[in-house]
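Participant: What shape does this take:
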Amino acid sequence: MAFPFRSGQFGGVQGPTRQKLDDCATKDPAHLVIGTVGEHVMLVQDALIQLDQLAFLSQADRDSFDLEFQTQFYGNITARVVQNYKNNHVPKILQPWQASADNVVGQKTIFFLDEDMAVLEQLPPVPDTKTTDIFIFFSGVQDGPAAGEELGDDAVGHGFLM
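Facilitator: Numbering: from 1, shown residues only. This next block holds a predicted model:
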């Protein structure tokens with residue numbers, strides 16, 4: 001039986017990758033650890049990117065993370081990002097005996113990643129920022145400069161009459 005993922009990030013996946021995600025969410029031996037490779041690793045890395053978890057990395061570490069992402073490799077930088085995510089998550093993602101989070105993606109971590117992605121997917125899309133040209137037409141200016149000439153410093157504001 002498939003794990004009931006709530007997010008499209010994890011729940012919308014099929015085939016062997018889905019099975020690996022299901023196993024990660026339900027079986028201790030299927031944790032993601034340094035050295036794990038596969039599309040399921042890339043989906044976790046992508047979730048961390050979307051959840052804006054890379055901000056603390058230097059540019060060199062971001063470049064290394066990008067390489068790990070492209071190769072679907074759970075490397076040292078991915079491990080650091082996971083550990084940071086778990087330590088800064090509210091609530092912290094810890095086992096009862098831990099004072100600080102480890103760098104493993106296990107049952108709790110995949111659960112919280114899925115929950116956080118489900119919330120993120122429900123947010124409205126961020127609108128594209130577009131620049132807008134604003135044209136101001138001055139009417140009623142008497143005895144001012146000719147069109148195209150700069151207004152004097154005694155004028156309100158600065159601009160050109162067109």
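Participant: Which positions within the top helix by length along the chain qualify as buried?
Facilitator: Counting residues, the longest helix in the chain under DSSP state H turns out to be helix 107-122. By neighbour count on 16 or more other C-beta atoms under 10 Å, the buried set for helix 107-122 is 108-114, 116-118. Any C-beta I mention is one placed from the backbone N, CA and C, and that applies to glycine too.
Participant: Give me the contacts around that helix.
Facilitator: Around helix 107-122, the neighbours that count as contacts under C-beta atoms under 8 Å, 6 or more residues apart in numbering are 5-11, 21, 24-26, 28, 31, 44, 47-48, 50-51, 82, 85-86, 89, 93, 95, 105.
Participant: Please list the members of these that lie in helices.
Facilitator: 8-11, 21, 24-26, 44, 47-48, 50, 82, 85-86.
Participant: right, and the pair among those with maximum separation?
Facilitator: T26 and Q50 (23.4 Å; C-beta to C-beta).
Participant: show me the residues around the residue lying closest to K86 once chain neighbours are set aside that make contact.
Facilitator: Leaving aside its chain neighbours, K86 sits nearest to A101 (3.4 Å; criterion: C-beta to C-beta, 6 or more residues apart in numbering). Applying C-beta under 8 Å, 6+ apart to A101 gives the contacts 83, 86-87, 92-94.
Participant: same question for stretch 121-131, mean pLDDT?
Facilitator: If you average the pLDDT over stretch 121-131, you get 83.
Participant: burial measure for V82, as a count.
Facilitator: V82: 26 surrounding residues under other C-beta atoms under 10 Å.
Participant: what does G11 give?
Facilitator: 16.
Participant: ok, so what distance separates the residue nearest to it when sequence neighbours are not counted from F56?
Facilitator: Distances taken as C-beta to C-beta, 6+ apart put F5 closest to G11, at 3.4 Å, once the chain neighbours are dropped. F5 is 27 Å from F56, where distance means C-beta to C-beta, to the nearest Å.
Participant: So between the two, which is more surrounded?
Facilitator: Set F5 next to F56 and count neighbours by other C-beta under 10 Å: F5 wins out with 22 against 10.
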